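[1] Sequence and computational prediction follow.
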There are 2 protein chains.
Amino acid sequence: MEKELDKRMMQAALSQAQLAEAAGEVPIGAVVACGERIIATGYNMTETLNDPTAHAEMIAMTAACDAIGGKYLNDCTLYVSVEPCPMCAGAMCWAQLGRLVYGAPDPKRGYSLFRDEAGRDLLHPKTEVVAEVMKEECSALVSNFFKSRR
Amino acid sequence: MEKELDKRMMQAALSQAQLAEAAGEVPIGAVVACGERIIATGYNMTETLNDPTAHAEMIAMTAACDAIGGKYLNDCTLYVSVEPCPMCAGAMCWAQLGRLVYGAPDPKRGYSLFRDEAGRDLLHPKTEVVAEVMKEECSALVSNFFKSRR
């Protein structure tokens, strides 16, 4: 059952990514859900806002905290079409995100490249991670975007 | 000469930290400067805004990009009273920050705890780093804040 819900939510994150694409942005999208309810959405707006911090995840997390009136997202799942970067993973750590589900891995800029001396990654130790949900669709959206720009 | 300028700018970051303290926030402050000119300021507003991403550095960088109308801060120095966390360091990487000057080290949450397999930290490879400028003043402000809360 969880797998079906994860796919449905990732589809919503992909719809956000398409909004980014339509705005000429690298197409990455995110949604934050509490169970079956989407409480916040976001898509990459770094060009539109001239702001290197305006990633899909950051926008979605800020909106989610606003929606629930608190700084912590322990009971929430963040769905994002591409593996988060260290900035976004650091934000997820502060928010004590309950669960992270992402689509395409990012072997160049992904948060999972970094570890501390004890081997811990950048996320909160309690955050559950599910990778590669709808990986092909998520990955194709980004690689087609870059192909079309060359 | 650079040392004097760095101290003067760190004093400005400390003034921002005091604004955070007055608002009941963990007292951390930041300024972004181009040479001798401060183009943006920020202080920790995570409680006020109910937003775990509202760190001094994030606010100052977003404001700096707005001020210069671009996503890159190659020609800027960011001064912050405490060593940045991974989220903020990740944002500095995207902004290709020219220079980072910080006060107190943060041995528990600092960005410098994390490395990739090649030993690289979270900052952009071109970012110059100066640590421990006015370390005692910066550190005392935070430790006094936590003492007063116990």
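    Done, it's in. Numbers count the residues shown, from 1 in each chain, chains lettered A, B, ... in the order given.
[2] quick one: contacts of the helix or strand harbouring A:Ala30?
    Using DSSP states H and E, A:Ala30 falls within strand A:29-34. With contacts defined as C-beta atoms under 8 Å, 6 or more residues apart in numbering or on different chains, strand A:29-34 is touched by A:9, A:12-20, A:38-44, A:56-57, A:59-61, A:63-64, A:68, A:73, A:75-81. Where you see a C-beta, it was placed from the backbone N, CA and C, and this is true even at glycine.
[3] what's near enough to touch A:Ser15?
    The neighbours of A:Ser15, taking C-beta under 8 Å, 6+ apart as the test, are A:Gly29.
[4] What angle do strand A:29-34 and the helix or strand hosting it make with each other?
    Following DSSP H and E, one finds A:Ser15 within helix A:2-22. Between helix A:2-22 and strand A:29-34, the angle comes out at 140 degrees (axes from the mean of the first three to the mean of the last three C-alpha atoms, to 10 degrees).
[5] got any ranges where chain A has weak pLDDT?
    Flagging of chain A using pLDDT under 70 yields the residue ranges A:1.
[6] And the strands in chain A?
    Taking DSSP state E as the test, the strands found in chain A are A:29-34, A:37-43, A:77-82, A:99-104, A:128-130.
[7] could those go into CSV alongside mean neighbour count and distance to B:Ala140?
    Output for the strands of chain A, formatted as CSV (neighbours: other C-beta atoms under 10 Å in any protein chain shown; distance: least, C-beta to C-beta, whole Å):
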stretch, mean neighbour count, distance to B:Ala140
strand A:29-34, 26, 38
strand A:37-43, 21, 38
strand A:77-82, 29, 37
strand A:99-104, 24, 37
strand A:128-130, 14, 38
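[8] how about those in JSON lines, adding distance to B:Cys138?
    Rendered in JSON lines, the data for the strands of chain A read as follows (distance: least, C-beta to C-beta, whole Å):
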{"stretch": "strand A:29-34", "distance to B:Cys138": "34"}
{"stretch": "strand A:37-43", "distance to B:Cys138": "33"}
{"stretch": "strand A:77-82", "distance to B:Cys138": "33"}
{"stretch": "strand A:99-104", "distance to B:Cys138": "33"}
{"stretch": "strand A:128-130", "distance to B:Cys138": "35"}
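[9] Report the central residue of chain A.
    Residue closest to the average C-alpha location in chain A (C-alpha atoms, centre = their mean): A:Val80, at 2.9 Å.
[10] Show me the beta-bridge partners of the nearest residue in space to it that is not next to it in sequence.
    Closest residue to A:Val80 in three dimensions, ignoring its sequence neighbours and counting by C-beta to C-beta, 6 or more residues apart in numbering or on different chains: A:Ala30, at 4.1 Å. Counting by DSSP bridges, A:Ala30 is bridged to A:Gly42, A:Val80.
[11] Tell me how far A:Ala30 lies from A:Tyr111.
    Distance, A:Ala30 to A:Tyr111, by C-beta to C-beta, to the nearest Å: 14 Å.
[12] for A:Ala118, same thing?
    16 Å.
[13] Look at these two and report which has more neighbours.
    Neighbour totals were compared for A:Ala118 and A:Tyr111, and A:Tyr111 leads with 26 against 6 (other C-beta atoms under 10 Å in any protein chain shown).
[14] What about the closest residue to the more buried one other than its chain neighbours, how many residues nearby?
    If you skip the residues right next to it in sequence, A:Tyr111 has A:Ala89 as its closest partner in space, 3.4 Å away by C-beta to C-beta, 6+ apart. Look at A:Ala89: counted by other C-beta under 10 Å, it has 26 neighbours.
[15] Pretty sure A:Ala89 sits against A:Thr127.
    No: with contact defined as C-beta atoms under 8 Å, A:Ala89 does not reach A:Thr127; the gap is 9.0 Å.
[16] ok, now how distant is the closest residue to A:Ala60 other than its chain neighbours from A:Glu57?
    The shortest distance from A:Ala60 to any residue other than its chain neighbours is 3.4 Å, reached at A:Gly42 (C-beta to C-beta, 6+ apart). Going from A:Gly42 to A:Glu57 by C-beta to C-beta gives 7 Å.
[17] With A:His124 instead?
    With distances taken as C-beta to C-beta, A:His124 is found 14 Å from A:Glu57.
[18] Sweet, I'm off.
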